[in-house]
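Peer 1: need a structure here:
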Amino acid sequence: MFVKAGDVREDTFDWGVIGWRCGPGNTGAKRFVVMDASIWPGQRHDFHKHPGQDEMIIVRSGRLEQFIETESEILEPGDSVFIEGGVVHASITVGDEPAVVQIVIGPAIGTDTGYELVDMSGEEPYASLRR
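Peer 2: Next up is the predicted model:
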């Protein structure tokens, strides 16, 4: 199945945009989900986890401060990070341009996006980090 740029549904959030490239709802994928995301300057995809889903984030452009639990690294274009299922993480744009990333999560869960998220941003120690 070919997925053309015009086939990618986009959802806008207060922090940026996710493009749903591959998942149960548009391709029928069961083993993984692929998303394109842009996190706007000064914004963050706040602390969260994906129970039972491993994740790979690949930076395409911009710079990203990537947290895994309470540790962070600055990621540049071409860098990536692997996050095991259930591990709390957050992504924060660094600089004046959006951080553009591609994300692969597996396995796919559910029937639409295939993506499950548990917000951890209000719980310590995450609520006090990088505010």
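
Peer 1: strands of this structure, residue ranges please.
Peer 2: 9-12, 16-22, 33-39, 44-49, 54-61, 63-68, 71-75, 80-83, 89-94, 99-106, 118-119 (DSSP state E).

Peer 1: contacts for the last one?
Peer 2: Under the criterion CB atoms under 8 Å, 6 or more residues apart in numbering, residues 46, 47, 48, 49, 50, 51 lie in contact with strand 118-119. For every residue, glycine as well, the C-beta is placed using N, CA and C.

Peer 1: quick one: the fifth one from residue 35, how far?
Peer 2: Same thing as residue 50. As judged by CB to CB, to the nearest Å, residue 50 and residue 35 stand 12 Å apart.

Peer 1: ChimeraX command to pick out the buried ones of the contacts of strand 118-119?
Peer 2: Applying 16 or more other CB atoms under 10 Å to the contacts of strand 118-119 leaves a buried subset, and the ChimeraX line that selects it is:
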select :46,47,48,49,50
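
Peer 1: can I get the contacts of strand 118-119 in CSV including distance to residue 2 and pLDDT?
Peer 2: Formatted as CSV, the contacts of strand 118-119 follow (distance: CB to CB, whole Å; pLDDT from 0 to 100):
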residue, distance to residue 2, pLDDT
46, 34, 95
47, 36, 97
48, 31, 97
49, 33, 98
50, 27, 96
51, 32, 95
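
Peer 1: closest one to residue 29 out of the contacts of strand 118-119, please.
Peer 2: The closest of these to residue 29 turns out to be residue 50 (CB to CB; 15.7 Å).

Peer 1: averaged pLDDT, stretch 102-111. What do you get?
Peer 2: For stretch 102-111, the mean per-residue pLDDT is 94.

Peer 1: the spatially most central residue of the chain pairs with what?
Peer 2: Residue closest to the mean C-alpha point of the chain, counted by CA atoms, centre = their mean, is residue 103 at 5.6 Å. Bridge pairing for residue 103 (DSSP bridges) gives the partners residue 35, residue 57.
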